[in-house]
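[1] my questions concern the predicted model and sequence given below.
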Amino acid sequence: MNQQGYVATPPYSQSQSGMGGYSPGFGQPASSPLYGHYGDTKPSSFNPQPAMLKTNVPFGSAAPVGPPPSSTHQFNQTSIHNGPSTAAQSQRFPSSPPSYPPYTHPSQSPYTKSPPSSSTQLANQLGSMQINSFGPNTAPNVSSCIPSGLPPHPMTMSSGPQIPPSPATSLNSQCPPPLVARQEGIPGSNIMNPNLPQQLPGQPGGSGFPPHYGNYPPMAAPQMSYPGGLPSGPAQLVGPQQKKLDPDSIPSPIQVIENDRASRGGQVYATSTRGQIPPLVTTDCVIQDQGHASPRYIRCTTYCFPLTSDLAKQAQIPLAAIIKPFANIQPNETPLYVVNHGEAGPIRCNRCKAYMCPFMQFIEGGRRYQCGFCSCVNDVPPFYFQHLDHVGRRIDHYERPELSLGSYEYVATLDYCRNNKPPQPPAYIFMIDVSYNNIKSGLVKLICEELKTVLDRLPREEQDKTSAIRVGFVTYNKVLHFFNVKSNLAQPQMMVVTDVSEVFVPLLDGFLVNFEESRSVINNLLDQIPDMFADTNESETVFVPVIQAGMEALKAAECAGKLFIFHASLPTAEAPGKLKSRDDRKLVNTEKEKTLFQPQTNIYETLAKDCVANGCCVDLFLFPNQYVDVASMGLVTMYTGGTLYKYNNFQIHSDSHQFLNDLRKDIEKKMGFDAIMRVRTSTGFRATDFLGAIYMNNTTDIEMAAVDCDKAITVEFKHDDKLNEDTGALIQCAVLHTSVSGQRRLRIHNIGLNCSSQLADVYKSCETDALINFFAKSAYKAILSQPLKTVREILVNQTARMLACYRKNCASPSAVSQLILPDAMKVLPVYMNCLLKSCVLMGKPEISTDERTFHRQVAMSMDVAGTQLLFYPQLLPIHSMDVNGSAFPAAVRCSEERLSEGGLFLLANGLHMFLWLGVSAPPELIQGIFNVPSFAHVSTEATLLPEVENPYSKKLRSIIDHLQSKTPYSMKIVIVKQREQPEITFKQFLVEDKNIYGGASYVDFLCCVHKEICQLLT
């Protein structure tokens, strides 16, 4: 190592392999080089190396000397240098994040936004961290991060004449994985991973590890062990420990979110420029469509694609778009315009079939246009002709949504309809399990009472006074009961189908009806159902025949629609789809673990395929008291674009509020039925993989029985040629669907991205939240075919490769022992660690299989905001809320260190909500919120807060209502008292800390990733 910083050594010239987005590691193996095979795929490229880390920097030697780069801040224990920012700096996170001391209001920041007047000021604040002293603190027994035999060393500052890189976070030291933060805007400090034992040299890696691509030396699989993620059991306490690191010194997701809100919140974001980076999903703003689709509809992992496949291989950044075609928009944003060209139908390119959009270039005085996707020149139909202005733009440009907006809808012609016939309005069929447990628990009565009022809220078009959706009703246990609710009947009529092996629909006329017309008969039926089955002793149920019956009813009525199934137990009655209990926890962390996520029998997949073909979406509400095999029962829901709900050990008094809110939201959702989605791209790249609650019959068409406002599809792209910097990378998503009013339509979303030959541009344009969405869905798909250990290793490995590529190609030369993070990716490690610790990937027998499968299925259809909140929950200090203002308390980092005995904290992740009470919480706050005199009097059984007429109660309830309105699922509030047993569950959501099931803390994982990067760089 010379004094001028790190210089790349010869191994970089060797062509090596990479993984993840560019290998068959996730998903199915590709059949051609265009589908993800970049370079040599032979496993023989592996040369296992000993896991012992060697670095070119001798322990204790001085770091390179000289001034730090002008665009970065360097911090260590004794000196801090703040360089002036350069013009090249990213404007995404413009201000320096404050540090949040534990147990104080986050606004009390010891760091100011301007550089400190002397280096001593901040050095004093970091001086308490003596990395080379030992103390009694605990640390996880984590593999392969720091050689345990090495004593920690004091760290010195790395500096020297360096070229200013694009803004980056850098954590630097001389010990292999110990680090010192040197980061744009975030004060750093020394990070030392406390005593992590290394793996033995030559230890074999996990089986099924995918080939690697990229310009890195081969790496042995054992070196990718995820700290604590291995099946070796909970973390152990090992060896002498160091003083704990100040977590404020490493990148904070909360700070990134707050900075973006401060700079872009409440503003108008106009989509006028190709490749611009939108505000984060956590930032509220008004989106104005000016030619590219709103980020509510499409978000990308990067808004600048690498120019060539070689660059893409090198960077290892997945090129993907997360598309949410029916996303809800804010009330102050313009709804989609509907374009109707009559019998002529939508105008399309003759060659690639792309729809008319802002990317089409009109030529020859407006008589022809050149397709922006395939460059084909097409004639303009006579009815569509218009003259061009002096810049070559049509003079009706701003009058036509399809020429000036990124998103719009076309009215489709009969050519786009089934059997060339206009579709019928969709139908909703409510199918209620009336077995013994559901009747006795009061669930059936609750459902029937709610349906009387909720059916008034069926979705409708803006201009319609009533909904066109028809409704039908079925009850079932071992047999099926259909009800005739025709409007001219005095009483509903029941027809029973006992042959569940060959289900048929016993009536057509009177089964699907207009709710308004048949209201009195339907209400009569809903009153009678609980009494009708009050004396039942039947505890066995069927399931597959229920879905078959609903699908056949929709088929007979020649319409698409949705089944709402309310089901409680494992379907054990003799019928197709009968299931047996197979919750075998002994399979966890074995080769056979993947079978736990797969359906028991093929009938579920066949049924799902039939449902999609007939436009039958299935929403499943499960009320299990024990194992119900979500992997089998939920499969049809996932493939048909439906929603899965699960209420464990459902109790009327404590869970009905959550269930009824879910049911109301679900019935009211705006959606499209019988949908097919196609993603087109400009030349040079194409869509190769699709992840979500979808079914694919071929390689291009995404089929969905229905798609609602919460469902997102993640689409991965690969190069098949070189891209063009001038024209960029263009994407068009078209969704053919039937609207709630029964009209066949095409919903079009267009977005243009930049292209660059500079990797720095690609990294600068990344969106970490979108990357995590992609990685989560890729991993959750991969566990169906690969061992969990392999999937975890792939995630750690690709994280390291992405960051190592940035370090090698974009950052200034510096000591290998520095960890340098791209500004746009500085919180990627913490989010990746949260994903690795998710219950799906954390193979532990203590976590129920149903719970893991449920989380997997829910995440597969989530949008970017959903996965961001799921993996990094929001933690709000309620004790510091301003009861008189409209602002919510600022969120704090998800760590136990942020909790205080005198505080109340609200945690929400989109599926769960906890209200944590410190033992010394102020009595006036307890009285105000719970209407009881003290902490001891608060009941943890309550799942709703009492409506007390005082500022504390009103404010907290308004915060909770706001959080609930932002998520597709209603979250049940669990009240947790400090130092009581349920606190263990709550602490699993403090994702920056160690996990009782063995997951690493954020600091430990950062050290692990740093070690991986050092291996790749040396």
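    Arrived safely, thanks for sending.
[2] pick out the residue closest to the middle of this structure.
    residue 867 (2.5 Å; CA atoms, centre = their mean).
[3] nearest residue to that residue other than its sequence neighbours?
    residue 773 (4.4 Å; CB to CB, 6 or more residues apart in numbering). Just so you know, the C-beta spots here come from the backbone N, C-alpha and C atoms, and that holds for glycine as well.
[4] how much space between that neighbour and residue 926?
    As judged by CB to CB, to the nearest Å, residue 773 and residue 926 stand 39 Å apart.
[5] out of those two, which sits in the more crowded spot?
    Ranked by neighbour count (other CB atoms under 10 Å), residue 773 and residue 926 place residue 773 first, with 31 against 20.
[6] tell me the SS of the more buried one?
    helix (DSSP: H, G, I helix; E, B strand; the rest coil).
[7] who touches it in this structure?
    Residues in contact with residue 773 (CB atoms under 8 Å, 6 or more residues apart in numbering) are 322, 712, 714, 862-864, 867-868.
[8] and residue 796, what are its phi and psi?
    phi -60, psi -40 (degrees, to the nearest 10).
[9] any idea of the pLDDT on it?
    In this prediction, residue 796 carries a pLDDT score of 97.
[10] same deal with residue 155?
    Taking residue 155 on its own, its pLDDT is 32.
[11] quick one: strands adjacent to the helix or strand hosting residue 645?
    Residue 645 belongs to strand 644-646 when assigned by DSSP states H and E. Next to strand 644-646 in the sheet, as set by DSSP bridges, lie strand 616-622 (parallel).
[12] which strands and helices lie in contact with the next helix or strand after the partner strand?
    The element immediately downstream of strand 616-622 (helix or strand, assigned by DSSP H and E) is helix 630-633. Where contact means 3 or more CB pairs under 8 Å, 6 or more residues apart in numbering; DSSP states H and E, helix 630-633 is packed against strand 616-622, helix 849-860.
[13] take the contacts of residue 773 and keep only those in strands.
    322, 714 (DSSP state E).
[14] the contacts of residue 773: which two are farthest apart?
    Largest separation among the contacts of residue 773 by CB to CB: 714 and 868, giving 13.7 Å.
[15] who has more neighbours out of the two?
    In this view residue 714 and residue 868 are compared by other CB under 10 Å, and residue 714 has more residues nearby, 31 against 26.
[16] lowest-confidence helix or strand of this structure?
    strand 134-135 (a mean of 28; mean pLDDT, DSSP states H and E).
[17] secondary structure of residue 753: a helix, I assume?
    No: Residue 753: not assigned to a helix; according to three-state DSSP it is strand.
[18] what's the spacing between the residue lying closest to it once chain neighbours are set aside and residue 690?
    Setting aside the residues directly before and after it, residue 753 is nearest to residue 729 in space (CB to CB, 6+ apart), at 4.4 Å. Using CB to CB, residue 729 is found at 18 Å from residue 690.
[19] so for the two, which sits in the more crowded spot?
    residue 729 (27 against 21).
[20] wouldn't the more buried one be in contact with residue 684 here?
    Yes: contact criterion CB atoms under 8 Å: residue 729 and residue 684 qualify, at 7.1 Å.
[21] please enumerate the shared neighbours of the two.
    In contact with both residue 729 and residue 684: residue 723, using CB under 8 Å, 6+ apart.
[22] quick check: phi and psi at residue 491.
    According to degrees, to the nearest 10, residue 491 has phi -130, psi 150.
[23] repeat for residue 914
    phi -130, psi 140.
[24] where's it relative to residue 649, distance?
    Counting by CB to CB, the gap from residue 914 to residue 649 is 18 Å.
[25] please identify which of those two sits among more neighbours.
    Higher neighbour count among residue 914 and residue 649: residue 914, with 23 against 10, using other CB under 10 Å.
[26] give me the beta-bridge partners of the more buried one?
    With DSSP bridges as the rule, residue 914 is bridged to residue 907, residue 974.
[27] from residue 876, how far out is it?
    The value you get for residue 914 to residue 876, if CB to CB is used, is 11 Å.
[28] what touches both of those two?
    Common neighbours of residue 914 and residue 876, counting by CB under 8 Å, 6+ apart, are 906-907.
[29] point out where the protein drops to low pLDDT.
    1-246 (pLDDT under 70).
[30] and residue 745, helix, strand or coil?
    Assignment for residue 745 (three-state DSSP): strand.
[31] might one say that it is in contact with residue 411?
    Yes: counting by CB under 8 Å, residue 745 touches residue 411, with 6.0 Å between them.
[32] look at those two and report which has more neighbours.
    residue 745 (22 against 17).
[33] residue 345 versus the more buried one, what's the distance?
    From residue 745 over to residue 345 (counting by CB to CB), the distance is 12 Å.
[34] where do the contact lists of residue 745 and residue 411 overlap?
    Common neighbours of residue 745 and residue 411 (CB under 8 Å, 6+ apart) are residue 338.
[35] and the residue nearest to residue 753, what does it touch?
    By CB under 8 Å, 6+ apart, residue 729 lies in contact with 305, 681-682, 684-685, 717, 723, 752-755.
[36] which among those residues gets closest to residue 777?
    Closest to residue 777, out of all of these and judged by CB to CB, is residue 717, at 14.7 Å.
[37] just the element for residue 730, please.
    strand 729-738.
[38] check the offset of that strand from the chain's centre.
    From the chain centre to the centre of strand 729-738 is a distance of 21 Å (CA atoms, centre = their mean, to the nearest Å).
[39] make residue 1 into 17 and carry on from there
    From this message on, residue numbering opens at 17, which makes the last subject strand 745-754.
[40] CA atoms only for that strand, dumped as PDB, please.
    Taking C-alpha atoms only, strand 745-754 is exported to PDB below (Å, rounded to 0.1, in the frame of the first residue of the first chain):
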ATOM      1  CA  ALA A 745     -34.300   3.700 -21.800                       C
ATOM      2  CA  LEU A 746     -38.100   3.800 -22.400                       C
ATOM      3  CA  ILE A 747     -40.600   1.600 -20.600                       C
ATOM      4  CA  GLN A 748     -44.400   1.300 -21.400                       C
ATOM      5  CA  CYS A 749     -46.700  -0.700 -19.200                       C
ATOM      6  CA  ALA A 750     -50.100  -1.500 -20.600                       C
ATOM      7  CA  VAL A 751     -52.900  -3.200 -18.500                       C
ATOM      8  CA  LEU A 752     -56.000  -4.400 -20.400                       C
ATOM      9  CA  HIS A 753     -58.800  -4.800 -17.900                       C
ATOM     10  CA  THR A 754     -62.500  -4.600 -17.200                       C
END
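[41] flag every buried residue along it.
    For strand 745-754, burial by neighbour count (16 or more other CB atoms under 10 Å) applies to 745-754.
[42] with adjacent residues omitted, what lies nearest to residue 889?
    Using CB to CB, 6+ apart, the nearest residue to residue 889 is residue 925, at 3.7 Å.
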